[in-house]
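Q: okay, here's the prediction I keep looking at, along with the sequence it came from:
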Amino acid sequence: MMRALWVGLAVTSLMACGDSDTSGSSSAPTEDVATEVDGGSALDGGADATVDAASDTSGGPDAAANVDASATTDATVEPEVVTPPPCGSAEGMGTLPGGLEELKHDDGGFSTSFNEQFVGLLVAGKDLTVERVNQATRFDLEHPVKIHAVKVRYQSVPADKTQPIGISIRPDFGHNGFDFWPLDAHWEGDLCGDDVSAGGWTTFTLDPPLVMDKPQPIFVVQQRQNGLATPDWAFDVTPPAGCTEPNPNSCCNLYTDCHSSYNVPDLTYFEDGGAAYYFWNGLSLSFPYDYMVRLMVEPMDDLTPEEKIFQPVPDLLVGPKFSWGDYNGDGWDDLLVD
C-alpha cells in the first residue's frame, strides 16, 4: 500500500461649475462681439456677456462659465460578464450501441489517486500535485476498431463546475510503452463540470466514433493543469504480477508489464549526480498501477480465423534462430526455423 467582485462603481464626472474670479485683470474689449447662441446671433457690446455654453466669447479673463446642473453626467461602469467556456463536446445524445467490447487494465476495486498519494512527493525536484502533469493509459489495439466511448473513474472533481473536464486520445511516440505524441490528437473531447462526479464511471462519447483502421498502440490522456483542483483520475492498487515493491524500476521492465504512465511536459532538463538529462517531450515514467480508464470499442475485423494470412501451427517446436525468404519462388516469404 502506498503512503498514505464585482463592485458596482459609480463614476460621477463633474464639470467645473461656478465663476472664476481673477482680481486685477484687465477689462474686456468694448467692441461688439457676435456670439451664436442656440442657432441665433446675439450682439452684445458689454464686457459681461455670458453664454450658457460654458465659454466667454469676449475672450476676457472675467468671463463666467455657467453650467446647467442637468449637464452633470453619472457614468456607471458595468461589471464584466464572465462567460464560462463551452463544454459538452463528448456528451452522448443517446445510448451506446449494443455488443461493444470493453477494453480495460484496472481491477475495478479499491482505488486512490495523485491527490491522495503524491502530495509533497518530488520527482527531479518537482511536486507532481503542483506541476503540469499528463496522465496516460496505453491500449494496444490488436485489430481495427471503432472507439465509441471512453469511461473514466474520478477519485475527486473540482468544486468549480464552470470549467470543462476533458480527455484526449493520442498516438504512440517511440513505442517504449509510456510516451505518447503530444502535438496531434486522434480525438479530443470534454464534458461540463456538472456532468462529472467522483466515485462512479463517467462516459465520454465519441460521436462519430473514432475509426482506428489498423492495429496500433494508443493513449488516453488527461492533463493536470490546476494542481489539487484538477479532476483526479483514480487508479487501482494492484501492482503487476510478481511485483513485490511497486516502482517503475522493478515492475515495468517489460513493455507489457505496465500500461499507465505520467509525463511532466515542463521538465525537459535536470541534473542528477553530475549527469545532465534532456527530454524533448518532458520527463515520462511508467506507472506500476492502472488508471481506471476503459475503452468501449466495436471490432472491425470481419475476417474469420481461417481467412487470416498467418495461421497457427500446432505443436511446432522452434529454436532461437529463424530466417525469412522466398524459398520456393512463389512470391511469398517463407519462414525457416532451426
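A: Structure's in. What do you need? Just so it is clear, the model here is predicted, and its values are computed rather than measured.
Q: and the helices in the stretch 51-200 of the chain, which stretches?
A: Remark: helices assigned in the stretch 51-200 of the chain by DSSP state H, counting those that start in this stretch are 114-117.
Q: shaky segments in it?
A: Applying pLDDT under 70 to the stretch 51-200 of the chain flags the ranges 51-75.
Q: hmm, 90 instead?
A: When residues are selected by pLDDT under 90, those of the stretch 51-200 of the chain lie in 51-85, 92-95, 119-129, 163.
Q: can you map out the strands along it?
A: Per DSSP state E, counting those that start in this stretch, the stretch 51-200 of the chain carries strands over the ranges 73-77, 101-103, 111-113, 122-123, 126-127, 133-141, 145-156, 165-171, 187-191.
Q: export those strands as a markdown table, with columns for distance to residue 269 and mean neighbour count.
A: To be clear about C-beta, it is placed using only N, CA and C from the backbone, and glycine gets the same treatment. Putting the strands of the stretch 51-200 of the chain into a markdown table (distance: least, C-beta to C-beta, whole Å; neighbours: other C-beta atoms under 10 Å) gives the following:
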| stretch | distance to residue 269 | mean neighbour count |
| --- | --- | --- |
| strand 73-77 | 47 | 10 |
| strand 101-103 | 36 | 13 |
| strand 111-113 | 28 | 20 |
| strand 122-123 | 14 | 13 |
| strand 126-127 | 12 | 16 |
| strand 133-141 | 17 | 22 |
| strand 145-156 | 31 | 21 |
| strand 165-171 | 23 | 21 |
| strand 187-191 | 28 | 19 |
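Q: quick one, which of those is nearest to residue 293?
A: Set against residue 293 and scored by C-beta to C-beta, the strands of the stretch 51-200 of the chain come closest in strand 133-141, at 4.4 Å.
Q: okay, the strands of the stretch 51-200 of the chain in a markdown table with distance to residue 222 next?
A: Below are the strands of the stretch 51-200 of the chain laid out as a markdown table (distance: least, C-beta to C-beta, whole Å):
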| stretch | distance to residue 222 |
| --- | --- |
| strand 73-77 | 39 |
| strand 101-103 | 17 |
| strand 111-113 | 12 |
| strand 122-123 | 18 |
| strand 126-127 | 18 |
| strand 133-141 | 5 |
| strand 145-156 | 8 |
| strand 165-171 | 5 |
| strand 187-191 | 11 |
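Q: so what touches the strand or helix carrying residue 323?
A: Per DSSP states H and E: residue 323 is located in strand 322-325. Strand 322-325 is contacted by residues 333-338 when judged by C-beta atoms under 8 Å, 6 or more residues apart in numbering.
Q: out of these, list just those in strands.
A: Members of the contacts of strand 322-325 lying in strands (criterion: DSSP state E): 334-337.
Q: re earlier: closest to residue 237 out of the strands of the stretch 51-200 of the chain?
A: strand 111-113 (6.2 Å).
Q: what is that closest one packed up against?
A: Packing partners of strand 111-113 (3 or more C-beta pairs under 8 Å, 6 or more residues apart in numbering; DSSP states H and E): strand 145-156, strand 232-236.
Q: partners of residue 285 in the sheet?
A: Here residue 285 sits in beta bridges with residue 262, going by DSSP bridges.
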